[in-house]
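Visitor: everything below, folded, please.
(one chain, ligands or ions: 1)
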Amino acid sequence: MDAIRWEGNTLYLLDQTRLPVQEDWIAYTDFRSVARAITDMVVRGAPAIGITAAYAYCLAALEFRNAPDFAAAMEQAEQVLAASRPTAVNLFWALRRMADCLKANGSTPEAIDVLIQEAQAIHEEDVEMNRTLGDFGAAVVPAHARILTHCNAGSLATGGYGTALGVVRSAFNQGKVDMVYADETRPLLQGARLTAYELVHDNIPCTLITDNMAGFLMAQGKVDLVILGCDRMAANGDFANKIGTYSVAVNARYHGIPFYTALPSSTIDLSIEDGSGIPIEERPGVEVTHLAGVQTAPEQVRTWNPAFDVTPHQLLTGIITERGVIYPPFKENLAKLFG
Ligand SMILES: CSC[C@H]1O[C@H](OP(=O)(O)O)[C@H](O)[C@@H]1O
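Guide: Numbering: from 1, shown residues only. Next comes the predicted model:
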């Protein structure tokens, strides 16, 4: 399963706002429209956002190939893409890598083919990292595991295979997964619409629950471990992930359930000391007062809609990466592996 394709100098995105009911692919040749697609979550998920931005950078280069000041036009395109969403560090990591590639190749239109190869490398490397971290993570999954996950950290959130769902896939292929409990993940239902879609597609056993059921499920002894994604990890292991992750972490700690996040190195931001430095995206209140276009609250009501929360590293059992599973002391071990 994939959600991002580059063919004939055109970027194709699977419109994730219409899943699971409709599988619509949208073709993009304008980087500004791709920035809008990231903001509107046509494509979402930290690694997927980075990969998409890398391809959009190539669309900009193709558009500006005859511009009087190609380098200046590319800097402006980078700024447009960087403004699309603030939390997932993969976006900025990918754009920096593309800009460095352009600079290393003369900052001229002659670099376009190399830029496209770089974007394709970012995409292919992400899938490879997911498979590797998936296999590392499968080692922490016990036999007959009942796993709880939150939001979507699968193929649709990455270049393919997934991070948290990459661990699930690897463990399932080893015969170790009895059930995956997927939080629906209000307000945009990435769990119900995307994780359930992926697991049903792969014939991996999945039970969909509402977010407020997770604590009671743990209290009933039905969860052996929690594995979920990450949008940005600070140097000490504090991390931002979909809103609701913090509540799951606190519940898991109370019930003595192992709690892991899975992420590629492109999601680690060592420039930020701790979670207080991670920018948290606030999204429109209409996502809270409406569900699938149906109004569910008075329009005049005040809303608060942070798309992410920050979980302190103290609540983490381990961090699953393509370089292995990292245990405390997280700051020292992250610096050792990724510094
Ligand atoms: C593999 S990163 C997935 C990560 O991204 C999601 O956020 P969004 O759907 O808003 O892009 C969520 O935090 C997932 O854990």
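Visitor: ok, whatever residue of the chain ends up closest to the ligand - contacts?
Guide: Using CB to the nearest ligand atom, the single residue of the chain nearest to the ligand is Gly229, 2.8 Å away. All C-beta atoms are positioned from the backbone trio N, CA, C, and that covers glycine. Listed by CB atoms under 8 Å, 6 or more residues apart in numbering, the contact set of Gly229 reads 45-46, 151-153, 157, 163-164, 241-242, 261-263.
Visitor: remind me what the longest helix along the chain packs against, helices and strands.
Guide: Among the segments of the chain that qualify as a helix by DSSP state H, the longest is helix 112-138. If you count contacts as 3 or more CB pairs under 8 Å, 6 or more residues apart in numbering; DSSP states H and E, helix 112-138 packs onto strand 4-7, helix 46-63, helix 89-104, helix 164-173, strand 259-262, strand 318-321, strand 324-326.
Visitor: can you do 6 Å?
Guide: helix 46-63, helix 89-104, helix 164-173, strand 318-321 (3 or more CB pairs under 6 Å, 6 or more residues apart in numbering; DSSP states H and E).
Visitor: now the following helix or strand past it and helix 112-138, what's the angle there?
Guide: Counting by DSSP states H and E, the element after helix 112-138 in chain order, helix or strand, is strand 145-149. For strand 145-149 against helix 112-138, the angle by axes from the mean of the first three to the mean of the last three CA atoms, to 10 degrees is 130 degrees.
Visitor: sheet partners, orientation included, of strand 145-149?
Guide: strand 177-183 (parallel), strand 225-228 (parallel) (DSSP bridges).
Visitor: got a markdown table for the contacts of Gly229, with distance to Leu334 and pLDDT too?
Guide: Converted to a markdown table, the contacts of Gly229 look like this (distance: CB to CB, whole Å; pLDDT from 0 to 100):
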| residue | distance to Leu334 | pLDDT |
| --- | --- | --- |
| Gly45 | 22 | 98 |
| Ala46 | 17 | 98 |
| Cys151 | 22 | 98 |
| Asn152 | 25 | 98 |
| Ala153 | 19 | 98 |
| Ala157 | 22 | 98 |
| Thr163 | 16 | 98 |
| Ala164 | 19 | 99 |
| Asn241 | 16 | 98 |
| Lys242 | 21 | 98 |
| Thr261 | 12 | 99 |
| Ala262 | 14 | 98 |
| Leu263 | 11 | 98 |
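Visitor: closest to Ser107 out of those residues?
Guide: Closest to Ser107 out of the contacts of Gly229 is Ala46 (27.8 Å), distances taken as CB to CB.
Visitor: give me the neighbour count for the closest one.
Guide: Ala46 is flanked by 28 other residues according to other CB atoms under 10 Å.
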